[in-house]
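Undergrad: Predicted model, plus sequence, below.
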Amino acid sequence: MAARLSRGHDMPPCTRAVLRALSASLFAIFSLVAQCFAADRADEALPDIYRSVPASSNVPGAQYPRLYADGRASFRLEFPSAKVVQLAGGQGLGREPFAMSRDSDGVWSVTIPPATVGFHYYWFIVDGTPVNDPGSETYFGYGKPTSGIEVPDPFFVSSLLISSPRPAFYDPQDGAHGRLEANWYFSRITGRWRRCFVYTPPGYGDAANAHTRYPVLLLQHGAGEDETGWGKQGRVNFIMDKLIDAGTAQPMIVVMDNDYATFASTPGTAPASPPDDPYFRMPPALDAFEPVVLDELIPMIDAGYRTIADRDHRAVAGLSLGGLEAMAVALGHLDEFAYIGSFSGAQFVIAAHPPAPGASPPLGFRLPPFDPATSYGKVFANAAEFNARVHLLWFGAGTAEVDFNATLRSAARQLRAHGIRFTLYESPGTAHEWLTWRRDLEEFAPLLFRN
């Protein structure tokens, strides 16, 4: 019987048809894989599914940059008069600039190896001058509008084995959606108009929830970015929509303001003397941020939105420089905040790497070595009191952002030895980049306002 079946005898016709189809499919898959690994195979020679497509972050109609399902990306720039052109970007794209080659028409191009999934800043260096890519949308980073590219996760890209792509946790999802809106307000402290973005959860505007009040998360961007960062680069609204819709996170309001704030040069607005503890001080460009948050931003949000206006329903978190700010503001004002998050916080790196004698410190800012017994105004000195008062102290970093991860681990060991309760998350394989911080938010938000 087995011999006859192996030759197809006595087998129902439908079974033979299925086996033939499977054999044909396997042969096709193996053939396509072989084609993909052939170095001299042109993109156009491959089936549609293996060809590159324009990045979703391109301006409408732009064909480059282009992305492949395995994470590779191709970039082009038409610049006939240029002598040398390179592609540069953030850590997840590549640690060193990529050399680009010129064709006979003056078009420079390069295809880079698979990049880390997620968002990356990038730019071209044309004869030593950084320039943006006219084919890309821009995002505020590095202190100016900068080109960016969104690299999709291969797991969520259609293939022969996945008939339709599934959205990543930071992509738009089916289900209810919240709103992300801009708010302008005049700051007496800075003497300037300021803008913050506010996310309200799904159902906030429904009549059935007209009397419902919500907890608040203040969420800060990093150095060289602005209040648009979490909305554009971070996709905070899509992350929160998914978490809230799944019941993983509590419905909450998320407020994103600009880190940069300096005192107005008018009578009555001079800053108070700097705090004695340097861990409560801000870099020069941020020295008015704390009073702006406490005296202007929080009152404005509480007045304009249906918030639960107490410390037990207020959290603050930030990435990199924003993590430094979140720690300083919250730990100095535990009467206002009960939840604290530091995503790749800059404070431990700055403390662990003092500048060489005579050198200017990064951001014009120095911190002494971290010590739980003395830093942050001795707020950690009494572990039992701290643990009872702070509902969540949360730290995150990417395993590939070496300095941030190493200094965070060192500080975590000190805090643990001192009896401080906290949560530590390490994003696998990511550097100082937005996928780290998107993951941080996805892990952090579900732990908020559970007490």
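TA: The structure has been received and is ready for your questions. As the structure is a computational prediction, the values presented were derived from the model and not from experiment.
Undergrad: so where's this protein shaky on pLDDT?
TA: 1-50, 154-165, 266-274, 358, 362 (pLDDT under 70).
Undergrad: quick check: domain ranges of it?
TA: 43-156, 179-447 (automatic domain parsing).
Undergrad: what's the closest of those to Phe169?
TA: domain 179-447 (5.7 Å; Cβ to Cβ). Yep, even glycine has a C-beta here, placed from its N, CA and C like the rest.
Undergrad: Reformat the domains of the chain as a markdown table; add distance to Pro167 and mean neighbour count.
TA: Listed next are the domains of the chain as a markdown table, based on distance: least, Cβ to Cβ, whole Å; neighbours: other Cβ atoms under 10 Å:
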| stretch | distance to Pro167 | mean neighbour count |
| --- | --- | --- |
| domain 43-156 | 7 | 17 |
| domain 179-447 | 8 | 19 |
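Undergrad: CSV for those domains, including distance to Phe169?
TA: Shown next, in CSV, are the domains of the chain (distance: least, Cβ to Cβ, whole Å):
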stretch, distance to Phe169
domain 43-156, 10
domain 179-447, 6
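Undergrad: nearest to Asp171, of the ones you listed?
TA: Comparing those under Cβ to Cβ, the one sitting nearest is domain 179-447, at 6.0 Å.
Undergrad: how much distance is there from that closest one to the middle of the chain?
TA: Centre-to-centre, domain 179-447 and its host chain are 14 Å apart (Cα atoms, centre = their mean, to the nearest Å).
Undergrad: what about it, start to end distance?
TA: Terminal residues of domain 179-447 lie 22 Å apart, using Cα to Cα, to the nearest Å.
Undergrad: How about stretch 59-67?
TA: 15 Å.
Undergrad: for stretch 425-434, same thing?
TA: 15 Å.
Undergrad: Pull the residues that contact that stretch.
TA: Stretch 425-434 is touched from outside by 90-92, 116, 118-120, 233-234, 320, 344, 394-401, 404-405, 435-436, 439-440, 443-444, with contacts defined as Cβ atoms under 8 Å, 6 or more residues apart in numbering.
Undergrad: Which ones among those residues map onto strands?
TA: Among the contacts of stretch 425-434, DSSP state E puts Gly118, Phe119, His120, Trp394, Phe395, Gly396, Ala397, Gly398 in strands.
Undergrad: so who does the second one touch?
TA: The contact partners of Phe119, by Cβ under 8 Å, 6+ apart, come to Ser57, Tyr139, Gly148, Ile149, Glu150, Val151, Gln233, Glu433, Trp434, Leu435.
Undergrad: ok, the residue nearest to Phe422 when sequence neighbours are not counted - contacts?
TA: Take Phe422 and drop its neighbours on the chain: the residue closest to it by Cβ to Cβ, 6 or more residues apart in numbering is Leu393, 4.1 Å away. Leu393 sits next to Ile340, Ile420, Arg421, Phe422, Thr423 when contact means Cβ under 8 Å, 6+ apart.
Undergrad: Let me have these in CSV, extended by secondary structure and distance to Thr262.
TA: Output for the contacts of Leu393, formatted as CSV (DSSP: H, G, I helix; E, B strand; the rest coil; distance: Cβ to Cβ, whole Å):
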residue, secondary structure, distance to Thr262
Ile340, strand, 24
Ile420, coil, 33
Arg421, coil, 36
Phe422, coil, 32
Thr423, strand, 33
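Undergrad: Format these as a markdown table; extra columns: distance to Lys83.
TA: Output for the contacts of Leu393, formatted as a markdown table (distance: Cβ to Cβ, whole Å):
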| residue | distance to Lys83 |
| --- | --- |
| Ile340 | 50 |
| Ile420 | 56 |
| Arg421 | 58 |
| Phe422 | 52 |
| Thr423 | 52 |
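Undergrad: nearest to Ile298, of the residues you listed?
TA: The nearest one, if we look at the contacts of Leu393 relative to Ile298 and count by Cβ to Cβ, is Ile340, at 15.2 Å.
Undergrad: What's opposite the closest one in the beta bridge?
TA: Val316, Leu393 (DSSP bridges).
Undergrad: So it is in contact with Arg311, correct?
TA: No - using Cβ atoms under 8 Å, Ile340 makes no contact with Arg311, being 11.2 Å away.
Undergrad: measure Val390 to Asp105 for me?
TA: 61 Å (Cβ to Cβ, to the nearest Å).
Undergrad: Let me see the contact set for Gly364.
TA: So Gly364 contacts Pro283, Pro284, Ala285 (Cβ under 8 Å, 6+ apart).
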